[in-house]
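>>> Any chance you can model this:
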Amino acid sequence: MFLRQRRFLPNLSLLLAFDAVMRTGSVTGAAQDLGLTQSTVSRLLQSLEAQLGQELFIRHKKRLTPTEAAERYFRDISAALDLIQRGSMSLIANPDGGSLDLAVLPTFATRWLAPRLPDFLSAHPGVSINLTTRFRRFSFDEEPFDAMIFYGRDNWPGAEHLKLFDERLTACAAPDLLARRPVAAPADLAGMVLLQLPTRPDAWQAWFRGQGAEPPAPLDGMMMDQFSMMIQAAISGLGIALLPDYLARVEIAEGRLAPVLRQGVPGSGAYWLAWPARKAGLKPLAAFRDWIAARMARDGMG
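Numbers count the residues shown, from 1 in each chain. Sure, this is the predicted structure:
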C-alpha cells in the first residue's frame, strides 16, 4: 500500500492561501478573497515555505514577487485544487452515480453529441457528464479529463482508443451562390473561395481526388478555426465550405446549404474516443463508451 507522506501534503488552508496570493497578485487581494486578515495570510505563506523548505516569494518593501519555483508549484496546486473542487461538486450533485469529464471538439459537441445526450442520460440516470470543448491536443496527465473525442489518428499519447467513424467530406455552398456560379465539374471551382481549416490541411486535396480531379495549386482559400464559423461563412455566400458529411447533411436537409458535386468523399482521418489507460475501468466511461459505439452503429456512422 502506498503511504502518503505528510511533509509533502501541506494543510489545505496553506495551499488556499498560496493559491489566492498567486491568483490575485498580493496578500491584500488574497485576504479579501479568503475573508482573512493580511497577517493571517502572511503567516500561512510562511508556514508553507517552512514545511516545503523552499522560498516561494521574494519580499521587498511589503511586496511579494513569486520565485520561479512558486510559478511551477502554482500550476500543479491550481490543477489539484480544481480537481478536488470538481470531485466535490460531482459528489454533491450526484451522490449515487458517477461523473464523466469529457473533452470534445466544439462543433461535434453542439451538432452531434448534445442532441443525443438525453438518450444516454435516460439510459444511465446515475451518471452525469461534464463537457469542455477542446480542439488542441493536451496531456491526460496535466488535464483532469476522463476522455476526449478528437479527430485524427489513434496516436494520442498514453491513451486507449475507440474509433467512432471515418471522416467523409461534402462540399457545400449557399444556394444563391451556386445559382450565380453553377458547378458542374471540379474545374468550375476555379477562382471561387474555398473555405479551409488549419486542422485539415489536406482536406481539399482529398476532396478533389475523390471527384476524380487534381486539386488546383495553389488553393484559393480563406482560413477558419472551427466548422461552425465555416458553416456561417458559407451560408453568407463567402465561399465553398468543405464539411464532415454528418454536418453537411443537416445544413443540406434544412436548405441553408446545397451540395457541390459528389457527396461523402473519403477524408484522411477519423473521429476517436480516447481515454487514459488508468481510467479504462471507470464505470461512467465504460457506460459512455458502450453507448456511443452503439449510437454510431445505429446512425450508420460506425
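>>> got a list of what D166 touches?
Contacts were defined as CB atoms under 8 Å, 6 or more residues apart in numbering; by that measure D166 touches 266-267, 269-270. Placement of C-beta: from N, CA and C, glycine included.
>>> which of those residues has the most neighbours?
Within the contacts of D166, neighbour counts (other CB atoms under 10 Å) peak at G267, which reaches 20 neighbours.
>>> follow-up on the earlier one: tell me the one of the contacts of D166 nearest R153?
Each of the contacts of D166 was scored against R153 by CB to CB, and G269 proved nearest at 6.4 Å.
>>> From what I see, that closest one and D154 are in contact.
No. Using CB atoms under 8 Å, G269 is not in contact with D154, being 10.2 Å away.
>>> secondary structure class for F150?
In three-state terms, and counting by DSSP: H, G, I helix; E, B strand; the rest coil, F150 is strand.
>>> Please, which helix or strand holds the closest residue to it other than its chain neighbours?
Nearest residue to F150, sequence neighbours excluded (CB to CB, 6 or more residues apart in numbering): W272, at 5.8 Å. Here W272 sits within strand 258-276, counting by DSSP states H and E.
>>> got the buried residues for the next helix or strand after that strand?
With elements assigned by DSSP H and E, the helix or strand that comes after strand 258-276 is helix 283-298. By neighbour count, and taking 16 or more other CB atoms under 10 Å as the criterion, the buried residues in helix 283-298 are 284-285, 287-289, 291-292, 295-296.
>>> still on that earlier bit, name the nearest of the contacts of D166 relative to L238.
G267 (22.1 Å).
>>> gap between the residue nearest to that closest one when sequence neighbours are not counted and S122?
Once its chain neighbours are removed from consideration, G267 has its nearest residue in E167; the separation is 3.8 Å (CB to CB, 6+ apart). Between E167 and S122 the distance is 29 Å, computed by CB to CB, to the nearest Å.
>>> between the two, which one's more packed in?
Here E167 and S122 are compared on neighbour count by other CB under 10 Å; more neighbours surround E167, at 21 against 8.
>>> May I ask you to confirm that the more buried one is in contact with W272?
No. In this structure E167 lies outside contact range of W272 using CB under 8 Å: 10.8 Å.
>>> Fine, thanks again, bye for now.
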